[in-house]
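# got a sequence here, can you model it:
(chains A and B)
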Amino acid sequence: MKKIGNYNRILVTSALTYANGHTHLGHIAGSILPADMYVRYLRLAGYDVIYICGSDEYGTAIEMSAIKEGITPETIIDKYHFANKKAYEDLGMSFDIYSRTSTEYHRKASQDFFLNLYNKGLLSQRTEKQLYSEKEGRFLADRFVIGTCPICGFEEATGDECENCGSSLSPLELKKPRSKITGDTPVVKESTHYYFPLASYQDKLKEWIESKTDWKPNVVNYCKGWFKTGLKDRAITRDLDWGIPVPVEGNDGKVIYVWFEAPIGYISNTIELFEGRGTPDKWKDYWQKEDTKLVHFLGKDNIIFHAIFFPAMLMAHGDYVLADNVPANEFMNLEGSKQSKSKGHAIYVKDVLTKFNPDSIRYAIASNMPENKDTDFYFEDLQAKNNNELGAILGNFVNRTFVFCEKYFEGKVPESGKFEEIDSNITGSLISYTQRIASYYENYKFKDALSETMNLVRDANKYFNDTEPWKAVKESKERCGTIINICLQLCHTFAILFNPVLPFTSEKILKMIGTGKENFSWDRASELCLKSGHVLNKPEILFTKIEDSEIEF
RNA sequence: GCCGGAGUAGCUCAGGUGGUUAGAGCGUCGGAAUCAUAAUCCGCAGGUCGGGGGUUCAAGUCCCUCCUCCGGUACCA
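Reported below is the predicted structural model:
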């Protein structure tokens, strides 16, 4: 297999999707689509790569949703796990596995991880006062306590902060505390929890992050901010029913904290993947060999867990590789304000897929990906990009080429004659294009990769215009054949280069060409692979126009 | 409050370590072409870079300050 830097294989993760709601475009833009593009590129380029994702299914939020709706947590996670899995599939996400944290694989992996640290004596126990609802028979998480803010007197402050004055609070400070669920008054009760010694990993983490020269400034600076404040030890157990039981005697009613076990989901899903492939030990290559490049894709809200907490866990365990990069994206907002499941202001993947071509959605998001700052998604933008770029530039080039070939060359790849300068220019540019685009992908610059790919199509349209095959066909059939031959070669190139962002269109173009995948690799994208005389399939329209009426809601 | 990020053309966004007339795509307007889903190609126009102050021969870029938005703030995930 090909090496990337000093690495022999690449392990890519996207942040697990929390299974208490339908996945929306914010998730796609933040952590799923960039990872999928990255992985698709790497596969085409011949690297050994696996792509891991799944549902995150435990924790307070799902348990509370279940209580509110009067159903079991299992009902919730089943509903959203399968719905989201399907939504991702329909949008062309190419996970090697999309599993879930409620599996036996994950329970075992999480408990083993916990026990590994426990047996090393790294986990300490501390007792703290917490609010307990006797009516519900449970401890209340901070944000499920409501009361009067001791600072400004706001009566609807939650246990973690006051929405009115912005102060950080602890639930014990609230006056007149009450349960958000039942409204009853909680009592103070003591509870003992296990703590992960995060503070003692500060120096190692700092050294590790400072050694990373290619990380986004946002990620590095954010971490440095935490080091400046000073890391504190963190509780890794919770008083909750819905979770993975603490695997140590005498801890009934306690589960492992979600942010301790969820990232282990990357590991347990990898275990499950290779179990399913019949090579049950192979997962260790990806997680425990130094020559693995581990890359976590995620949104900016998850930086703390992927760049500080999880790496510290892995350091403490000792057997695992650490992330080579944590390319966090900012957020994609919806028409000017942020997407939110709870406020119903979001575009769910399942909904948008019923109206639009998945590749058009992927393109609209990828071309406006929040790599450096929050961006906005507009349906007008999706429409414009579909009609004016995908349809007019890419779709039209492929179509005009195929239709022309069908009309004048019986749908067969024409013979190529001697190249003129204009021919050599465009075919010769393919090497630098593919190298440049590859470099963009490898450096997590997905917008640049995409716009550069489109630039090649613009060049192709210009080539078609400048060579005027509609005139050439009347003057010299041979010259015209050369032009159309080149245009068809370019279509084959597009099938490859657009695969990371437009996988369905890529397949369609390939099907129209009818050669199968014999030359379907990044290296071949700069070569003229089609043989003259090859019979093409009938052309089909790649992108239909989106009318104004279709984006009105 | 504190930590981090962001504010650039009508719209959506690029602009390491300060350096010639601030860029791209889309949109607008003008022109060319007619193979193609009226889809393409060429050209013009369009910005006192959130406000104010400072450093410098030179600031979108560095410093100070203010405003606005986003994330985090350790028991939501």
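# show me chain A divided up by domain.
A:9-115+A:259-352, A:122-255, A:358-370+A:378-551 (automatic domain parsing).
# tell me the most buried of the ones you listed?
Highest mean neighbour count among those (mean count of other Cβ atoms under 10 Å): domain A:9-115+A:259-352, with a mean of 20. The C-beta positions use only the backbone N, C-alpha and C, and glycine is treated the same way.
# now that one: mean pLDDT?
For domain A:9-115+A:259-352, mean pLDDT is 95.
# list the contacts of the closest residue to A:Phe154 other than its chain neighbours.
Nearest residue to A:Phe154, sequence neighbours excluded (Cβ to Cβ, 6 or more residues apart in numbering): A:Asn164, at 3.5 Å. Applying Cβ atoms under 8 Å, 6 or more residues apart in numbering to A:Asn164 gives the contacts A:149, A:152, A:154, A:156-157.
# A:Asn164: what secondary structure?
coil (DSSP: H, G, I helix; E, B strand; the rest coil).
# quick check: the gap between it and RNA strand B.
In this view, A:Asn164 and RNA strand B are 12 Å apart by Cβ to the nearest atom of the strand, to the nearest Å.
# tell me the least confident of the contacts of A:Asn164?
pLDDT across those is lowest for A:Cys152, at 77.
# excluding chain neighbours, what is closest to that residue?
Take A:Cys152 and drop its neighbours on the chain: the residue closest to it by Cβ to Cβ, 6+ apart is A:Cys165, 3.9 Å away.
# ditto for A:Met37
Among residues not flanking A:Met37 along the chain, A:Pro500 sits closest, at 4.2 Å (Cβ to Cβ, 6+ apart).
# could you confirm the one you found falls within a helix?
No. Under three-state DSSP, A:Pro500 sits outside any helix and is assigned coil.
# next, it: phi, psi?
Here is the backbone geometry of A:Pro500 (degrees, to the nearest 10): phi -60, psi -40.
# same question, the one 5 residues further on
Backbone dihedrals for A:Thr505, given as degrees, to the nearest 10, come out at phi -70, psi -40.
# check the one 5 residues further on too.
The main-chain torsion angles of A:Leu510 are listed as degrees, to the nearest 10 and equal phi -60, psi -40.
# tell me if I'm right that it and A:Ala495 touch.
Yes. Judged on Cβ atoms under 8 Å, A:Leu510 makes contact with A:Ala495 at a distance of 4.5 Å.
# close to RNA strand B: what parts of the stretch 1-150 of chain A are there?
Counting by Cβ under 7 Å from any atom of the strand, the stretch 1-150 of chain A comes close to RNA strand B at A:18, A:56, A:59-61, A:128, A:130, A:139, A:141-143.
# again, only using 6 Å
With Cβ under 6 Å from any atom of the strand as the criterion, the stretch 1-150 of chain A comes near RNA strand B at residues A:18, A:56, A:59-61, A:128, A:130, A:141-143.
# mark which of these are part of strands, please.
Of these, the ones assigned to strands by DSSP state E are A:18, A:56, A:128, A:130.
# hang on, the earlier thing: mind listing the shared neighbours of A:Leu510 and A:Ala495?
With contacts defined as Cβ under 8 Å, 6+ apart, the residues shared by A:Leu510 and A:Ala495 are A:Phe520.
# distance of A:Leu528 from RNA strand B?
20 Å.
# same deal with A:Ala235?
According to Cβ to the nearest atom of the strand, A:Ala235 stands 5 Å off from RNA strand B.
# what about the strands in the stretch 351-500 of chain A?
Using DSSP state E, counting those that start in this stretch, the strands found in the stretch 351-500 of chain A span residues A:375-377.
# sorry, back to before: want to try JSON lines for the domains of chain A, with distance to A:Lys2 as columns?
Formatted as JSON lines, the domains of chain A follow (distance: least, Cβ to Cβ, whole Å):
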{"stretch": "domain A:9-115+A:259-352", "distance to A:Lys2": "5"}
{"stretch": "domain A:122-255", "distance to A:Lys2": "19"}
{"stretch": "domain A:358-370+A:378-551", "distance to A:Lys2": "10"}
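# contacting residues for A:Trp287?
Taking Cβ under 8 Å, 6+ apart, one finds A:11, A:267, A:270, A:294, A:319-321 in contact with A:Trp287.
# tell me which two of those sit farthest apart.
The largest separation in the contacts of A:Trp287, counting by Cβ to Cβ, is between A:Leu11 and A:Asp319 at 14.5 Å.
# related to what we said a few turns ago, including distance to A:Ser337 and secondary structure, could the contacts of A:Asn164 go into CSV?
As requested, the contacts of A:Asn164 are exported to CSV (distance: Cβ to Cβ, whole Å; DSSP: H, G, I helix; E, B strand; the rest coil):
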residue, distance to A:Ser337, secondary structure
A:Cys149, 26, coil
A:Cys152, 25, coil
A:Phe154, 23, coil
A:Glu156, 22, coil
A:Ala157, 24, strand
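# show me the contacts for the residue nearest to A:Cys152.
A:Cys165 sits next to A:149, A:151-152, A:154 when contact means Cβ under 8 Å, 6+ apart.
# state the distance from it to A:Ile181.
From A:Cys165 over to A:Ile181 the distance is 25 Å, taken as Cβ to Cβ, to the nearest Å.
# which ones are touching the nearest residue to A:Arg43 once chain neighbours are set aside?
Spatial nearest neighbour of A:Arg43, excluding adjacent residues (Cβ to Cβ, 6+ apart): A:Val49 at 6.0 Å. Neighbouring residues of A:Val49 by Cβ under 8 Å, 6+ apart: A:9-12, A:39, A:42-43.
# which residue ranges of the stretch 301-450 of chain A form helices?
Using DSSP state H, counting those that start in this stretch, the helices of the stretch 301-450 of chain A run over A:303, A:310-317, A:349-355, A:358-366, A:379-384, A:396-409, A:421-442, A:446-467.
# closest one to A:Thr101 among those helices?
helix A:310-317 (14.3 Å).
# A:Leu390 against A:Ser360, yeah?
Yes. The pair A:Leu390 / A:Ser360 is scored as a contact, 6.1 Å apart, by Cβ under 8 Å.
# and for those two, which residues touch both?
Listed as contacting both A:Leu390 and A:Ser360 by Cβ under 8 Å, 6+ apart are A:Phe543.
# mind listing what A:Phe543 touches?
Counting by Cβ under 8 Å, 6+ apart, A:Phe543 touches A:357, A:359-360, A:386-387, A:390-391, A:394-395, A:505.
# which of those are close to RNA strand B?
Applying Cβ under 6 Å from any atom of the strand to those, those adjacent to RNA strand B are A:391, A:395.
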